[in-house]
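Enquirer: Take this sequence and fold it.
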Amino acid sequence: MDHVTKAVQYYEKGFMCSQAIFAAFAEDFGITEKQALQIGACFGGGMNKGEVCGACTGALMVLGMKYGQFDISDTVSHAAENAKAVQFLDEFAKRKGSYICREILGCDLRTEEGRTHARANGLFGTLCPEMVRTAAEILIEMLGGDD
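Expert: From the prediction side, this is the model:
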């Protein structure tokens, strides 16, 4: 199964957007699905505050697995990881208008009123799967994958 389909299926099963993206790519980088689901668990819904879209934070985790600095003296990797993060977020905003969850949803998840509005209008079921799909597609392009 391709990464995009896998990510959307994770989301449709009930996982957070951040979990869906990270888990769909996890095994490519040597971590288990369970580990990815656990690591990504607190980042959905813009970290439950409507901040950076969880699909984007999941994607940034994947990019960190590929390009992230792990040797403190490796400043080249540090610069590359930052460039990849900016590239991803810029491309996502270009395609979707923003990478900020509350801007995408058009309501403020920091408030009960905003959360109620999102649920009542089915935003998590209509807009969010498309954000997951877009994040996965951009990752495939950036990672040079065939999906």
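
Enquirer: Flag the shaky bits of this structure, pLDDT-wise.
Expert: Within the chain, the stretches with pLDDT under 70 are 145-147.

Enquirer: residues in contact with the spatially most central residue of the chain?
Expert: By Cα atoms, centre = their mean, the chain has its centre lying nearest to residue 55, at 2.1 Å. Contacts for residue 55 (Cβ atoms under 8 Å, 6 or more residues apart in numbering) come out as 17-18, 20-21, 128, 131-132, 134-136. All C-beta atoms are positioned from the backbone trio N, CA, C, and that covers glycine.

Enquirer: For the residue nearest to residue 102 when sequence neighbours are not counted, give me its contacts.
Expert: If the residues on either side of it in the chain are set aside, residue 102 comes closest to residue 50, at 3.3 Å by Cβ to Cβ, 6 or more residues apart in numbering. Each residue near residue 50 by Cβ under 8 Å, 6+ apart is listed here: 100-102, 105, 107-110, 114.

Enquirer: Which residue ranges of the chain form helices?
Expert: Using DSSP state H, the helices found in the chain span residues 3-13, 17-26, 33-39, 44-45, 54-67, 75-96, 101-105, 112-120, 123-143.

Enquirer: Tell me which of the ones you listed is the most buried.
Expert: When those are scored by mean count of other Cβ atoms under 10 Å, the highest mean neighbour count falls to helix 17-26 (a mean of 30).
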